[in-house]
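Asker: only geometry, no sequence info:
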């Protein structure tokens with residue numbers, strides 16, 4: 001009879017703190033946001049969506065805002081999903097991210113990308129307002 005020795009805690013492989021793979025997250029983000037925004041609004045919209053979504057993606061990644069296993073809800077999404085939501089569902093995602101970022105963070109770090117996200121969001125809001133006013137004046 002071959003008796004196997006019991007597995008000790010030293011033999012187990014430690015689980016990484018971040019289960020997400022960066023290159024997959026970036027590829028998914030660029031494909032979703034780039035293709036959909038290019039088809040929906042043209043090259044200027046694609047660049048603006050990629051910039052806003054990209055800044056949000058990087059901020060979420062650097063801040064440790066990852067999807068938590070076993071939890072459900074709109075706020076429990078990966079950095080890639082935050083970038084996609086910010087670019088394609090701006091009206092809902094922008095205030096949700098800004099209001100809940102402090103609660104979702106798991107890593108203390110720089111706030112540079114947060115302020116870039118805020119600035120790009122302000123540019124998007126201004127662009128939307130100018131576009132709406134321009135269309136109302138054209139009538």
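Answerer: Looks like it arrived, so ask away. A quick note: this is a predicted structure, and the numbers were derived from the prediction, not measured.
Asker: Run the chain-centre distance for stretch 41-49.
Answerer: Stretch 41-49 has its C-alpha centroid displaced from the chain centroid by 17 Å (Cα atoms, centre = their mean, to the nearest Å).
Asker: List the buried residues in it.
Answerer: 45-46, 48-49 (16 or more other Cβ atoms under 10 Å). Backbone N, C-alpha and C define where each C-beta goes, glycine included.
Asker: Take those and write them to JSON lines, including distance to residue 27 and pLDDT.
Answerer: Compiled in JSON lines, the buried residues of stretch 41-49 are given as follows (distance: Cβ to Cβ, whole Å; pLDDT from 0 to 100):
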{"residue": "45", "distance to residue 27": "21", "pLDDT": "74"}
{"residue": "46", "distance to residue 27": "16", "pLDDT": "76"}
{"residue": "48", "distance to residue 27": "20", "pLDDT": "81"}
{"residue": "49", "distance to residue 27": "16", "pLDDT": "79"}
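Asker: residue contacts, residue 118?
Answerer: Contacts for residue 118 (Cβ atoms under 8 Å, 6 or more residues apart in numbering) come out as residue 98.
Asker: Just the buried residues of the strand or helix carrying it, please?
Answerer: Taking DSSP states H and E as the criterion, residue 118 maps to helix 112-138. Neighbour-count burial for helix 112-138, counted by 16+ other Cβ under 10 Å, picks out 113-114, 116-118, 120-121, 124.
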